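K.L.:
Build me a structure from this.
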Amino acid sequence: MTDRHNQVLRIGQMKGTHIAILTIALCLPFTLVEIPPLVDVPGHIAVGAIEAAPVESPLQSYFAFDWQFTLNMGGELLMKALTYIMTSIAAGWWVSVIATASLILGVLTLARTLNPRGAYGVGWALMFVFSFPWVWGFINFILAAGLALLSASAVFALDHRPKWRAFLLVLAQPLVLICHAIGGLLLPVIVAAVAIGETLEIGGRWRKGWQSIWSKCWPLISSAITVAAWKLSSLGVDSGGLQWDWRSKRYMFLSVLRDQSIALDLTCVLAAYSVIVGGTVFGARWTWRQALPCLAIAGLFLLLPSKLSGSEAVDVRLLPIAIMMSLALQDWGRVDTLLSKLVWFSGFALLLIRLAVMANGFVGYADDYRRELSALAYVKYGSRVFTIHEQICNRSSWRLSRLDTLPMLASASRSAWMNNGWTVPGIHMLRLKYAVQRGTDLVWDPVCKHTEGLEGAIRRVPVNNIDYLWLVGTGVPEATPPHLRLVWRSSSSALFKVSQ
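P.N.:
Reported below is the predicted structural model:
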């Protein structure tokens, strides 16, 4: 092997310092904001504030927070620990950073463990950390997925110490599943797929092969025990049924990196697919132990329903993980040195561009959040606030406003009741004590094909049971109902006080 090729191989290798620097660098956009502009993060902050509210807080008369065993509580547990030493908003910031960092670390350590000399596509893989589940702030899933990949990396590093490997697996599986069921499922799937892949690579007698698979996979029974314990503890809770949405699966192939710029996002997605497909043409390969985990997760994406046990978008969360792992585990070590260098540098160049665009977007979202939240200065402490926000559809805008759960911060900053809390039984631990006729908490952008407009939504607001109506991004009705008095307005948002 030539010196030049040895030098290129070192590019594909990652040391611990490289992994630490990359992780810190990719989390830098968070330093530009106080509230991470990920769709569901304000909701997580609000739930954390309600859980931590003192006995004398008005929130205690509006909500109850009942801790229960559920496979969707990683963010809540971390928020609970952090709110002992900081505010709920600061805790929400740290939870977002920790979850993001765990996924970055998970991808890098898995590539280092399973593809130590050929991970030239790791820059391309890291782009998919900041994909659909991250943008929507699915913090429990992101945290669980990151911990699952980290745990899998540690398990593979302990191949030569089977007792410690089994001990780690037995402990790690309940932890990642409690964080999030689908994110936690990645750990047993990856471990089992790699064990089968190793047997396929060795070849020979399958009887001995199955014994090897069993010796590595028997600790996975702790996943089954954890899921069974959850199901037993949630008997009698309506699961919400199953629903497959094949259209959303197809759409996600192109919108998986949807963020700020449709041109940049689609270019990155199509280029990443070209790296995967084109790499096979030029000699980049996966061994069985590298390929089977990617194929297994891709299969789960295709087979799982979109709605499961009341949780939405279950399946599409797995697509970026499958793409990410395919890119990180594709071995370019024996490909032409110039082409390998090109793949490595182009991946990190595009990642840097996306990081800059994302940081600029964070600054813009921070301005939006400050402008919208200035309405709360006009809200009396402990009031009842009914919010209506605008929902965009795919044809109205590529860039998401990320204001969907922002009104929930009325609870965190003003100890106010709000109508859009997360209270799905079996998934969320928040429960409403003060319930009113729900009405509707969203209206659609006029470009979207939905019939009800703002005026119709306002007519259904239960004005006799609230103190304020907060319109977020919806615009203001042409004729204000007589029982509503405008007290604040900014751009397309407005706050009305209800006159009883």
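
K.L.:
Could you count how many residues lie near Val472?
P.N.:
Number of residues near Val472 (other CB atoms under 10 Å) recorded here: 21. (Each C-beta comes from the backbone N, C-alpha and C, glycine too.)

K.L.:
show me the contacts for Thr70.
P.N.:
Thr70 sits next to 178, 230, 234, 426-427, 429 when contact means CB atoms under 8 Å, 6 or more residues apart in numbering.

K.L.:
taking those as a set, which two sit the farthest apart in space?
P.N.:
Ile178 and Gly426 (14.3 Å; CB to CB).

K.L.:
From the contact counts, what lies against the host helix or strand of Ala49?
P.N.:
Following DSSP states H and E, one finds Ala49 within helix 41-51. Packed against helix 41-51 by the contact rule (3 or more CB pairs under 8 Å, 6 or more residues apart in numbering; DSSP states H and E) you find strand 63-65, helix 74-82, helix 88-114, helix 409-414.

K.L.:
Going by neighbour count, which residues of it are buried?
P.N.:
Judged by neighbour count using 16 or more other CB atoms under 10 Å, the buried positions of helix 41-51 are 41-51.

K.L.:
I'd like to know which of these is nearest to Trp134.
P.N.:
Checking the buried residues of helix 41-51 against Trp134 by CB to CB gives Val41 as the nearest, at 10.4 Å.

K.L.:
any idea how far Leu454 lies from Arg371?
P.N.:
In this view, Leu454 and Arg371 are 19 Å apart by CB to CB, to the nearest Å.

K.L.:
that older thread, from the rest of the structure, what touches the helix holding Ala49?
P.N.:
Applying CB under 8 Å, 6+ apart, the contact partners of helix 41-51 are 35, 59, 63, 65, 75-76, 79-80, 83, 88-89, 91-92, 95-96, 137, 139, 405-406, 408-412, 418, 421-422, 428-430.

K.L.:
which stretches of the stretch 351-500 of the chain form helices?
P.N.:
In the stretch 351-500 of the chain, the helices defined using DSSP state H, counting those that start in this stretch lie at 409-414, 454-459.

K.L.:
Select from those the stretch with the lowest mean pLDDT.
P.N.:
Among the helices of the stretch 351-500 of the chain, helix 454-459 carries the lowest mean pLDDT, at a mean of 86.

K.L.:
so what secondary structure elements neighbour that one?
P.N.:
Under the contact criterion of 3+ CB pairs under 8 Å, 6+ apart, helix 454-459 touches strand 384-391, strand 442-444.

K.L.:
So which elements touch the longest one?
P.N.:
Counting contacts by 3+ CB pairs under 8 Å, 6+ apart, strand 384-391 is packed against helix 409-414, strand 417-418, strand 442-444, helix 454-459, strand 468-472.

K.L.:
so which of these is the most packed in?
P.N.:
Mean neighbour count, computed with mean count of other CB atoms under 10 Å, is highest for strand 417-418 among the helices and strands packed on strand 384-391, reaching a mean of 26.

K.L.:
so how far is that strand off the chain centroid?
P.N.:
25 Å (CA atoms, centre = their mean, to the nearest Å).

K.L.:
which strands and helices sit next to that strand?
P.N.:
When contacts are defined as 3+ CB pairs under 8 Å, 6+ apart, strand 417-418 packs onto strand 384-391, helix 409-414.

K.L.:
That strand pairs with which strands?
P.N.:
The strands that strand 417-418 pairs with in its sheet are strand 384-391 (parallel) (by DSSP bridges).

K.L.:
Quick check: mean pLDDT of the strand it pairs with?
P.N.:
Summarised as a single mean, pLDDT over strand 384-391 is 90.

K.L.:
How about stretch 123-137?
P.N.:
Rounded mean pLDDT across stretch 123-137 is 97.

K.L.:
For the stretch 151-300 of the chain, which segments count as helices?
P.N.:
Using DSSP H, counting those that start in this stretch, the helices of the stretch 151-300 of the chain run over 162-179, 181-202, 206-217, 221-233, 246-255, 262-281, 288-303.

K.L.:
Where does the prediction get shaky in the stretch 301-450 of the chain?
P.N.:
310, 395, 426, 438-440, 449-450 (pLDDT under 70).

K.L.:
Ok, the stretch 151-300 of the chain next?
P.N.:
Applying pLDDT under 70 to the stretch 151-300 of the chain flags residues 204-207, 235-240.

K.L.:
hmm, 80 instead?
P.N.:
Low-confidence segments of the stretch 151-300 of the chain, defined by pLDDT under 80: 203-209, 234-241.

K.L.:
related to what we said a few turns ago, tabulate the helices and strands packed on helix 454-459 (TSV), appending distance to Ala263.
P.N.:
Output for the helices and strands packed on helix 454-459, formatted as TSV (distance: least, CB to CB, whole Å):
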stretch	distance to Ala263
strand 384-391	24
strand 442-444	25
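
K.L.:
so which of those is the most packed in?
P.N.:
Mean neighbour counts were compared across the helices and strands packed on helix 454-459 using mean count of other CB under 10 Å; the top stretch is strand 384-391, at a mean of 22.

K.L.:
returning to what we had before: so which of the helices and strands packed on helix 41-51 comes closest to Gly299?
P.N.:
helix 88-114 (18.4 Å).

K.L.:
what does the next helix or strand after the closest one rub up against?
P.N.:
Downstream of helix 88-114, the first helix or strand assigned by DSSP H and E is helix 122-127. Contact with helix 122-127 is made by 14, 22, 26, 104, 107-108, 111, 257, 268, 271-272, 275, 323-325, 327-328, 343-344, 346-351, 354, as judged by CB under 8 Å, 6+ apart.

K.L.:
Name only those of those that count as buried.
P.N.:
For the contacts of helix 122-127, a burial check counting by 16+ other CB under 10 Å picks out 14, 22, 26, 104, 107-108, 111, 257, 268, 272, 275, 323-325, 327-328, 343-344, 347-348, 350-351, 354.

K.L.:
got the domain boundaries for the chain?
P.N.:
Using automatic domain parsing, the domains assigned to the chain come out as 3-360, 368-498.

K.L.:
so which of the ones you listed is the most packed in?
P.N.:
Comparing the domains of the chain by mean neighbour count (mean count of other CB under 10 Å), domain 3-360 ranks first with a mean of 19.

K.L.:
Would you mind giving the helices and strands packed on strand 384-391 as CSV with distance to Val498 added?
P.N.:
Listed next are the helices and strands packed on strand 384-391 as CSV, based on distance: least, CB to CB, whole Å:
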stretch, distance to Val498
helix 409-414, 15
strand 417-418, 13
strand 442-444, 19
helix 454-459, 11
strand 468-472, 6
